[in-house]
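A.B. asks: A predicted structure for the sequence below; I have some questions about it.
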Amino acid sequence: MSENRKALILLVLLAALAMGVLVASTVKGPGVGGDATIYMESARNLLAGKGLGLIGPRGEFRLLPYFPPFYSLVLAALAAVGFPMTGAAHVLNIFLAGALTALVTGMTWRASRSLLLSGAAGGLTAISPVLIPVYSWTISEPLSIFLGLAGLCLLLTYFDGPRAAELIVSAVLVGLAMLTRYSAVGYVGAGALLILLLSQDSKRARLRDALLFGAVAVLPTAIWIFYDLSVTTTVSSRSVLTAQVMAERLADFAPQLEQVVLFWLIPDSWVTAPPYPVIVNHLLVIGLTVGTLAWVAAVWRKHSLEQTDETPLNHNLVIMLASFLVVYLVVIAGVYFTTYPPITIGSRMFSPIHAAWLWLVVILMGRSMRLWKMGDLLQNGLLIALAVLLAWYGVRSLRIVKQNMQLGLGYNSVEWQNSDTIAAVKVLPQNALIVTNEEMAVLYLTGRATYTMAEIYDDEPPAVFSRYGEGDLSEDESERLFREESANLVLFNTIFAQMEGAYGDRTEAWATALTDGLQKNHQGNDGAIYQYPRSEP
């Protein structure tokens, strides 16, 4: 059997493994949260001819809020050919898990011609305990990651013999990644940087191609932003911070980023409460960060000293992945330091970096073995380390998948599916107005549009607590509807977690005052339904 045929079989098996893991992880359905509900409802409304956005409780239309549109458009396309909306998201994520694994495996084989390295890169991608949770949820990252990395990989083939078609198609792919998720502008920046670094053309030609690449990639998002602004006068919910607040953010960023990186190496429970001295966690993060940067620099320098005209694909792959890591991190840090409300620094946000880092580690191993002509002892040491990482990821991922199989995820979890309060909402009259602290949960699980409690977005809570319906009705439409138009207040127990950041140890007192004297129409295992009393006691 030829080596190419073996590589193809390996690619298919690893892609199947990735998809199988996702099928098991989402056996109760894909994870659905607030963002997922917005994506799916927007796609559903587009197919119904109402537009790409949400329909309010009284039929008012709101263009897809705060998000770029491509993920919803893909869901709409899948639903148009017969998939139920949640099923479309489910199938798409399973396919994308296999597609990313196939891309990593195939590109590694093409670069290294090593079945061992190809299997390691694809295997780590398929069973990553960081990527499995991300791909188990109905979110835009899986589509954005695949499009972005596929575009950058295609760009590498452009350097073999520059052809305009490859440059344009690569730009279109990373542009669609950005149209899926704004932070994917990191792929655009990395692509332009690669052209400047790796192209063999003149400086003027490199600059021209980089500008062309960037212009083509940004065009779809620019068109969307222009349309969004013309309809809503806003693109996102964020505002620019003052210089003082930006400086304060610096102190918060590093600890949050450290927790993200630690989860790449150890279970979540060890991040916050390690069974060893805490200093070890700090050293792990420092070692990973400094080690990766030093490794890339050493490989680049050693390659340069070889004095060869050849620019092997595996060397370009190192530069591609390292460039993306740096550019994406700069993008996220820039947004975090300058805008309000702050973006969430977590595994989901940094999943593109994790996918690139895993791949980079394997490629660096292959490059090191080739460039330094290592002895058997050192080479075997690297391979053993790779095997240990694969086994460690397998054990961690098995626990994650088992938990997801038992409990489910998001609104498809056992807890939400068995919600007494959701069951009570379903039997409310169709014309009943609803105000709630879980707007998206009610929309996904009952199909009913609601009004949101403004309190859950308050950063500065009032000094004096009062019951709902007795605030400033001219400033809060939801509260006015509750008091004057008999709207139902559907209050889930999640309100305590939502308000703890604002009220701290006063959360219980606030919640008690909020419902004091209100008419309770339902008490469930996870919440209650209230109305403003029709007559004062």
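C.D. replies: Cool, got the structure.
A.B. asks: so which residues of the stretch 401-537 of the chain form strands?
C.D. replies: Using DSSP state E, counting those that start in this stretch, the strands found in the stretch 401-537 of the chain span residues 434-436, 451-452, 488-492, 519-523, 527-531.
A.B. asks: how deep is residue 48 tucked in, by neighbour count?
C.D. replies: For residue 48, the neighbour count with other Cβ atoms under 10 Å is 9. Every residue, glycine included, has its C-beta placed from N, CA and C.
A.B. asks: so what does it look like in phi/psi?
C.D. replies: phi -80, psi 0 (degrees, to the nearest 10).
A.B. asks: what do you get for residue 334?
C.D. replies: Torsion angles at residue 334 (phi, psi; degrees, to the nearest 10) stand at phi -60, psi -40.
A.B. asks: so what's it up against?
C.D. replies: Taking Cβ atoms under 8 Å, 6 or more residues apart in numbering as the definition of contact, residue 334 has no neighbours.
A.B. asks: just give me the longest helix of this structure.
C.D. replies: helix 376-407 (DSSP state H).
A.B. asks: hang on, the earlier thing: format the strands of the stretch 401-537 of the chain as TSV; extra columns: mean neighbour count, distance to residue 360 and mean pLDDT.
C.D. replies: Shown next, in TSV, are these (neighbours: other Cβ atoms under 10 Å; distance: least, Cβ to Cβ, whole Å; pLDDT from 0 to 100):
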stretch	mean neighbour count	distance to residue 360	mean pLDDT
strand 434-436	25	44	96
strand 451-452	18	42	93
strand 488-492	25	42	96
strand 519-523	14	53	94
strand 527-531	21	46	95
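A.B. asks: select, out of those strands, the one closest to residue 69.
C.D. replies: Closest of the strands of the stretch 401-537 of the chain to residue 69 is strand 451-452, at 22.4 Å (criterion: Cβ to Cβ).
A.B. asks: please enumerate residues in contact with the closest one?
C.D. replies: Residues from elsewhere that reach strand 451-452 (Cβ under 8 Å, 6+ apart): 57, 433-437, 439, 477-478, 481, 487.
A.B. asks: tell me the buried residues in the longest helix of the chain?
C.D. replies: For helix 376-407, burial by neighbour count (16 or more other Cβ atoms under 10 Å) applies to 386, 389-390, 393, 396-397, 400-401, 404.
A.B. asks: relative to helix 376-407, how tilted is whichever helix or strand residue 252 is part of?
C.D. replies: Per DSSP states H and E, residue 252 falls inside helix 243-265. Put simply, helix 243-265 runs at 100 degrees to helix 376-407, going by axes from the mean of the first three to the mean of the last three Cα atoms, to 10 degrees.
A.B. asks: return the set of buried residues in helix 243-265.
C.D. replies: Of the residues in helix 243-265, those buried (16+ other Cβ under 10 Å) are 249, 257-265.
A.B. asks: quick one: closest of the strands of the stretch 401-537 of the chain to residue 328.
C.D. replies: Using Cβ to Cβ, these put strand 451-452 closest to residue 328, at 31.8 Å.
A.B. asks: so what are the sheet partners of that closest one and their directions?
C.D. replies: Note on strand 451-452: by DSSP bridges, its sheet partners are strand 434-436 (parallel).
A.B. asks: neighbouring contacts of the partner strand?
C.D. replies: So strand 434-436 is contacted by 57, 425, 428, 442, 448, 450-453, 478-479, 481-482, 487-492 (Cβ under 8 Å, 6+ apart).
A.B. asks: right, I'll leave it there.
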